[in-house]
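Participant: Need a 3D model of the following:
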Amino acid sequence: AWSLRQQRAAAIIFGIFIAVAAWALIARLGNYFWFHGDEWDFLVTRDAGDLGDLLHPHNEHFQPLPIIAYRMLWNGFGLNSYTAYQLPVIALHLTAAVLLRAVMRRCNVNPWIATAAASVFVLFGPGEEDISWAVQIGFTGTLVFGRTESNSSLSVDAGARAEVAAGGDKILVIRSLNLA
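Facilitator: Here you go, the predicted model:
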């Protein structure tokens with residue numbers, strides 16, 4: 001029921017917003033962060049090449065993907081800049097916002113309402129600290145992987161709401177396993 005012109009305009013506005021938000025999140029919001037807490041466990045006590053280190057729980061959570069990400073970033077950038085560690089989690093957060101808008105559009109939500117809701121998620125989603133704190137790559141990655149999986153099976157028909165609910169269940173299952 002919405003014109004193609006309205007749909008494109010909303011998508012373009014959202015794309016511009018994502019680009020501006022990416023700069024703001026990278027350059028401004030998280031510029032005071034530095035390594036602390038959980039991150040030191042991934043950097044100091046874990047070896048991505050040691051299966052025992054990858055399988056050893058962190059605070060009782062299975063965290064191989066964040067450990068691998070931190071070790072790869074450390075090998076590539078060292079500890080000279082925290083920004084290199086923030087980029088993946090910010091990129092995942094923005095991807096989650098794009099996927100949120102996509103699922104709303106596939107469920108026939110008005111393009112401007114979908115744009116507004118996803119834009120609010122970009123700025124407030126899991127909270128300012130979790131958006132730019134690099135260690136949250138595990139949580140944000142799980143959200144994106146689960147949302148991508150459920151978006152791929154979503155169709156706009158009578159079963160769409162059931163599929164959205166099933167996708168939410170899959171995210172909960174993935175998160176409860178702490179695979180990311």
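Participant: Pull out the buried positions in the host helix or strand of Ile113.
Facilitator: Under the assignment given by DSSP states H and E, the secondary-structure element containing Ile113 is helix 111-124. Along helix 111-124, the positions that meet the burial threshold by neighbour count (16 or more other CB atoms under 10 Å) are Pro111, Ala114, Thr115, Ala116, Ala118, Ser119, Phe121, Val122. From N, CA and C alone the C-beta is placed, and that goes for glycine too.
Participant: what about the strand or helix carrying Arg71, average pLDDT?
Facilitator: Secondary structure from DSSP H and E places Arg71 in helix 64-77. Averaging pLDDT along helix 64-77 gives 83.
Participant: Go through that helix and flag the buried ones.
Facilitator: In terms of neighbour count (16+ other CB under 10 Å), helix 64-77 has its buried residues at Pro64, Leu65, Pro66, Ile67, Ala69, Tyr70, Arg71, Leu73, Trp74.
Participant: now the one helix or strand Ile16 maps to against helix 111-124, angle please.
Facilitator: Secondary-structure assignment from DSSP H and E places Ile16 in helix 4-24. For helix 4-24 against helix 111-124, the angle by axes from the mean of the first three to the mean of the last three CA atoms, to 10 degrees is 10 degrees.
Participant: Pull the residues that contact helix 4-24.
Facilitator: With CB atoms under 8 Å, 6 or more residues apart in numbering as the contact definition, helix 4-24 has outside contacts at 90-91, 94, 97-98, 101, 105, 111-112, 114-115, 118-119, 122-123.
Participant: Need the residues that contact the next helix or strand after that helix.
Facilitator: In the C-terminal direction, the helix or strand that comes right after helix 4-24 (DSSP H and E) is helix 38-44. Contact with helix 38-44 is made by 35, 58-59, 63, 66-67, 70-71, 74, 79, 85, 134-135, as judged by CB under 8 Å, 6+ apart.
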